[in-house]
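Enquirer: pasting the sequence and the predicted model now:
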2 protein chains.
Amino acid sequence: MTNPKLHLIDTDIHERVQYSQLLPYLPQPYRRYIEDCSWIQEKHMPFTQPAVAGVDRADAVVPDGRPAGSDLPFMQSQLLDEIGHEFGILTGALDPSPSSMHGWYEMATALASAYNDWQIEHWLEKDERLYGSVHIAAQDPQGAVKEIERVGSHKKMVQILLPIDDKLWGDPYYHPIFEAAEKHDLMIGMHHNEPPVHYGKWPRYFIEWHTLIPVAHMTMVTNMVFNGVFEKFPKLKMMMIEGGFTYVPFLMRKMDQQYRDLRHEVPWIKRMPSDIIRKHICFTTQPLEEMTKKEFLQTFEHMGTDEIVSFSTDYPHWDYDSPYEALPKGLDEGLQRKLFSENARNFYPKLPQLKEEE
Amino acid sequence: MTNPKLHLIDTDIHERVQYSQLLPYLPQPYRRYIEDCSWIQEKHMPFTQPAVAGVDRADAVVPDGRPAGSDLPFMQSQLLDEIGHEFGILTGALDPSPSSMHGWYEMATALASAYNDWQIEHWLEKDERLYGSVHIAAQDPQGAVKEIERVGSHKKMVQILLPIDDKLWGDPYYHPIFEAAEKHDLMIGMHHNEPPVHYGKWPRYFIEWHTLIPVAHMTMVTNMVFNGVFEKFPKLKMMMIEGGFTYVPFLMRKMDQQYRDLRHEVPWIKRMPSDIIRKHICFTTQPLEEMTKKEFLQTFEHMGTDEIVSFSTDYPHWDYDSPYEALPKGLDEGLQRKLFSENARNFYPKLPQLKEEE
């Protein structure tokens, strides 16, 4: 099945940690709070998980019983070697995550640091194909900037995963983080970590919540663009992860329409919102809806570009997309090359250039 | 400009009341609270309004200075006669609305009743072209059902405007209201009345809030469908007002995909979500984004139908759509007939059948 011609850059792979593994990376006094105290998870999904292995592929559970995504050799064999990845971007599966700690910011910041160190040592420096995400506790912006300064220049760190919190990211509160992102050529990655639905509450069913994840992405794109973040930080780029992309034609058109009518309210915006999106924002494919080739191509026509969408598997989650199965059949090679590789390479400045064909 | 062949059924016209006008319809002790006390508006938009006449068309302000939408003869001349409406559905402009009263439910229920009586007397019984919406205070569901029983059988009442509150409408809490809707052949109308954005908070700019109104519609459609409302109430139909419709292809595809994967969680759903939408839910056009004819037609192709979209002007608001200007040019007559008239007629069971051509 391995296909070296794919040059796949997988923009969403979840490696998983167990908190005990972070202990060597945590300074005191924080270490003892995990070693010696009860750890209270502040929030958790109120649904029965959708699959026999929770939110994971049953066949991705490590043969010795550890959870999916927690073992590098098994991930190498099942994903990277089997599919023929050129590169993969790790996005983590830290639950509870530092960003969900609404008190005790110092501990949250220490946890994010521990996670980054663990990620670098056990993943990024163990497989040349794997690139990483800087985790931060954005509720402590000074601490977050320090952490970006500390690990952001690592050659395999390509983005900052910015947690979704009460403040939307267009808020000037986040400017120091964006400044640090620009300085270190890091993208800002968005991956949902909160219920994005009705007043932030969980709906009755997993299927509702999961259907509406793109709503959080629409909210954030709208907020970032109209707040002028990309005027203030002209090199900044965003990766919208695990929200799909088929809502983008609607969102571009709606934002352009509103901008034509209401641009006097946001005079710092000098370009059409859809132009800003096309220049600064990339969207991952997964979970890709079933579409005919015609519908798929028309979606790109309506977006006015096929250069801001990047393939992702979401391994090891239950709704994993295979690069051999998820796209409509019969796409031309140029488009496949963009989706599987070129677009991600163009957006992530720190990814190496294309290898020579063997 | 009048065009009798349009047979326009305008599914969103806002008539406006001033609270003093409701006094004759309000029983005591509620009347004296408006006459004698300070009236505290619980919430208001934190933005400067987008247009010189607030949220209204400047030319729709009544010549004697009263606010747009508050005078029937002026509306008749400027809208109904000028455009050549066959019918129009009134959706109100009640701010603060009964549904925003989070305390004192009895007063909220009395206000909704007063509004309905005022609407019937001054609008529905004064112009044969105008049809109405039953306003309710859904925070008092028994009171709401009583109100539907009281005025819902009026021959010109065609829908219940259900306020958006903390509970999404798929909640069984609303079942008595849906039962009453079915009984009286009333649609359920959704028109945003709350900030639909991030955790229910207002964003920094009007343009953000206004761009993201469809997000509230996506949330509600998803919730209604997966909660099985249309299985429990097979005659129930919904009109999604002022959210546009160009997000619908995305939403249908996403819901179908999620249903294929997760249908074991919602075993009461026996049809594909997109089939449920096509049978039970209609979407109004306004505010229609600028689209080429090709993009416009492809949007219907992706929806698999052109029979669930209905034209609306949103008169007298600033972003009013004219039936002569808002659609792409060169649409064939059959499609125009559906959008301007047939689709609304098929959804609202109480609208009269097509008049004979003059």
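Expert: Done, it's in. Numbering: from 1, shown residues only, chains lettered A, B, ... in the order given.

Enquirer: CA only for contacts and neighbour counts going forward, please
Expert: Noted.

Enquirer: all helices for chain A, in order.
Expert: For chain A, applying DSSP state H gives helices covering A:19-22, A:30-35, A:72-75, A:105-119, A:141-151, A:175-183, A:206-211, A:213-226, A:229-232, A:248-262, A:273-280, A:293-303, A:333-337, A:343-347.

Enquirer: what's the least confident stretch among those?
Expert: Within those, confidence is poorest for helix A:30-35, with a mean of 79 (mean pLDDT).

Enquirer: which elements pack onto that helix?
Expert: In terms of contacts (3 or more C-alpha pairs under 8 Å, 6 or more residues apart in numbering or on different chains; DSSP states H and E), helix A:30-35 is packed against helix A:19-22.

Enquirer: off-centre distance for the helix it packs on?
Expert: The chain centroid and the centroid of helix A:19-22 are separated by 22 Å under C-alpha atoms, centre = their mean, to the nearest Å.

Enquirer: do you know which of the helices of chain A lies nearest B:V145?
Expert: helix A:206-211 (27.5 Å; C-alpha to C-alpha).

Enquirer: return the residues of the stretch 251-358 of chain A in contact with chain B.
Expert: Proximity of the stretch 251-358 of chain A to chain B, by C-alpha under 8 Å from any C-alpha of the partner chain, involves residues A:253-255, A:257-259, A:262, A:265, A:289-290, A:295, A:302.

Enquirer: compare those residues and tell me which is most surrounded.
Expert: Taking other C-alpha atoms under 10 Å in any protein chain shown to define a neighbour, the member of those with the most is A:K254, carrying 26 neighbours.

Enquirer: so who does it touch?
Expert: B:211, B:289 (C-alpha atoms under 8 Å, 6 or more residues apart in numbering or on different chains).

Enquirer: and what of A:D117?
Expert: Residues in contact with A:D117 (C-alpha under 8 Å, 6+ apart) are A:Y25.

Enquirer: just give the closest residue to A:I177, not the sequence neighbours.
Expert: The spatial neighbour of A:I177 that comes closest, neighbours along the chain excluded (C-alpha to C-alpha, 6 or more residues apart in numbering or on different chains), is A:V145 at 5.7 Å.

Enquirer: er, A:M272 actually
Expert: In space, not counting the residues next to it along the chain, A:M272 is nearest to A:D256; the distance is 6.0 Å by C-alpha to C-alpha, 6+ apart.

Enquirer: relative to A:P249, how far out is the one you found?
Expert: Noted for A:D256: a distance of 11 Å to A:P249, by C-alpha to C-alpha, to the nearest Å.

Enquirer: what do you get for A:Y33?
Expert: 47 Å.

Enquirer: and those two? which has more neighbours close in?
Expert: A:P249 (20 against 13).

Enquirer: which residues sit in contact with the residue nearest to that one when sequence neighbours are not counted?
Expert: The shortest distance from A:P249 to any residue that is not its chain neighbour, by C-alpha to C-alpha, 6+ apart, is 4.9 Å, and that residue is A:M303. Neighbour list for A:M303: A:248-249, A:252 [criterion: C-alpha under 8 Å, 6+ apart].

Enquirer: ok, A:L168 touching A:T222?
Expert: No. Using C-alpha atoms under 8 Å, A:L168 is not in contact with A:T222; the gap is 10.0 Å.

Enquirer: ok, and the closest non-adjacent residue to the one residue in the stretch 51-200 of chain A that gets nearest to chain B?
Expert: Shortest the stretch 51-200 of chain A-to-chain B distance, computed as C-alpha to the nearest C-alpha: residue-wise this is A:Y199, at 3.8 Å. Distances taken as C-alpha to C-alpha, 6+ apart place B:Y199 nearest to A:Y199, at 3.8 Å, with adjacent residues excluded.

Enquirer: A:T305 too?
Expert: According to C-alpha to C-alpha, 6+ apart, the nearest residue to A:T305 is A:R278 (7.4 Å).

Enquirer: just checking, that neighbour touches A:D306?
Expert: No. Counting by C-alpha under 8 Å, A:R278 sits too far from A:D306 to count as a contact (9.4 Å).

Enquirer: A:A180 contacts A:V145, correct?
Expert: Yes. With contact defined as C-alpha under 8 Å, A:A180 and A:V145 form a contacting pair (6.5 Å).

Enquirer: pLDDT value on the residue nearest to A:A144 when sequence neighbours are not counted, please?
Expert: Counting by C-alpha to C-alpha, 6+ apart, A:I136 is the residue found nearest to A:A144 once chain neighbours are left out, at 5.3 Å. pLDDT for A:I136: 94.
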